[in-house]
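Q: any chance you could fold what I've pasted below:
(one chain, ligands or ions: 1)
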Amino acid sequence: MKAFHHAIVASSLSLAIAAPLLARDYVSGAITVAHPWARKTAQGQPTGGGFMVITNKGKADDRLIGGTTPIAAEVQIHTVSMDGGIMRMRRLVDGLPIAAGASVELRPGSYHLMFIGLKAPLQAGTTVPVTLQFQRAGQVRVEFAVQSMTANPGMPAMDRDHAPR
Ligand SMILES: [Cu+2]
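A: The predicted structure follows:
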């Protein structure tokens, strides 16, 4: 798990060097969204995952309650939990709390955005526009940089997202 996380940090860094315009942070009021990225998807794959770090620098709790994107029918907020020894994803119907002063990381194997009903594959090097909806901060428009993952290239992305490690 730790090694996997380091691999993601490393790939984020290389993206920042290769494409500094894509690896930016988004600020709206007390909310900062850092390094939003999405995993590239295969042809015909119905869903994709989105990841980022959300920081609430304000004095009041906030909550990510949803989002919209032109590239998919629906944006859901998911978590991953153990269910009888199997890791499964579950929709957070009440959203994801971002407490005052806290940072919450959305990453593979943990909290993530799920783009449901992709209209086209997510291609590395492109960006996905997403309007995030926060309870307090309102709408925050961000661009998710699409990256390919080099580990286990033969496996579907969703299996990697939600498989036990
Ligand atoms: Cu999911």
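
Q: every contact and neighbour count from this point should use C-alpha atoms.
A: OK.

Q: and residue 79, what does it touch?
A: The contact partners of residue 79, taken as C-alpha atoms under 8 Å, 6 or more residues apart in numbering, are 89, 90, 91, 92, 110, 111, 112.

Q: wait, residue 104
A: So residue 104 contacts 53, 54, 55, 98 (C-alpha under 8 Å, 6+ apart).

Q: try residue 31
A: Shown in contact with residue 31 (C-alpha under 8 Å, 6+ apart): 54, 55, 56, 57, 58, 137.

Q: ok, the contacts of residue 79 vs residue 65, which is closest?
A: residue 92 (8.8 Å; C-alpha to C-alpha).

Q: contacting residues around the closest residue to residue 107 other than its chain neighbours?
A: Setting aside the residues directly before and after it, residue 107 is nearest to residue 51 in space (C-alpha to C-alpha, 6 or more residues apart in numbering), at 5.1 Å. When contacts are counted by C-alpha under 8 Å, 6+ apart, residue 51 touches 36, 37, 38, 105, 106, 107, 108, 111, 112, 113.

Q: now do the strands in this structure.
A: Applying DSSP state E to the chain gives strands spanning 25-28, 31-39, 47-56, 62-68, 72-83, 86-91, 96-98, 103-106, 112-118, 127-134, 138-147.

Q: now those strands as CSV including mean pLDDT?
A: As requested, the strands of the chain are exported to CSV (pLDDT from 0 to 100):
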stretch, mean pLDDT
strand 25-28, 91
strand 31-39, 96
strand 47-56, 97
strand 62-68, 98
strand 72-83, 94
strand 86-91, 92
strand 96-98, 98
strand 103-106, 98
strand 112-118, 97
strand 127-134, 97
strand 138-147, 95
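
Q: what residue lies at the spatial centre of the chain?
A: For the chain, the residue sitting closest to the mean C-alpha position, by C-alpha atoms, centre = their mean, is residue 51 at 1.9 Å.

Q: please name the bridge partners of that residue.
A: Under DSSP bridges, the beta-bridge partners of residue 51 are residue 37.

Q: go on, residue 112?
A: residue 78.

Q: the closest residue to residue 43 other than its chain neighbours: how many residues sit nearby?
A: The shortest distance from residue 43 to any residue other than its chain neighbours is 5.6 Å, reached at residue 121 (C-alpha to C-alpha, 6+ apart). By other C-alpha atoms under 10 Å, 16 other residues sit near residue 121.

Q: residue 121 touches residue 49, doesn't it?
A: No: with the criterion set as C-alpha atoms under 8 Å, residue 121 and residue 49 do not qualify as a contacting pair; they are 11.9 Å apart.
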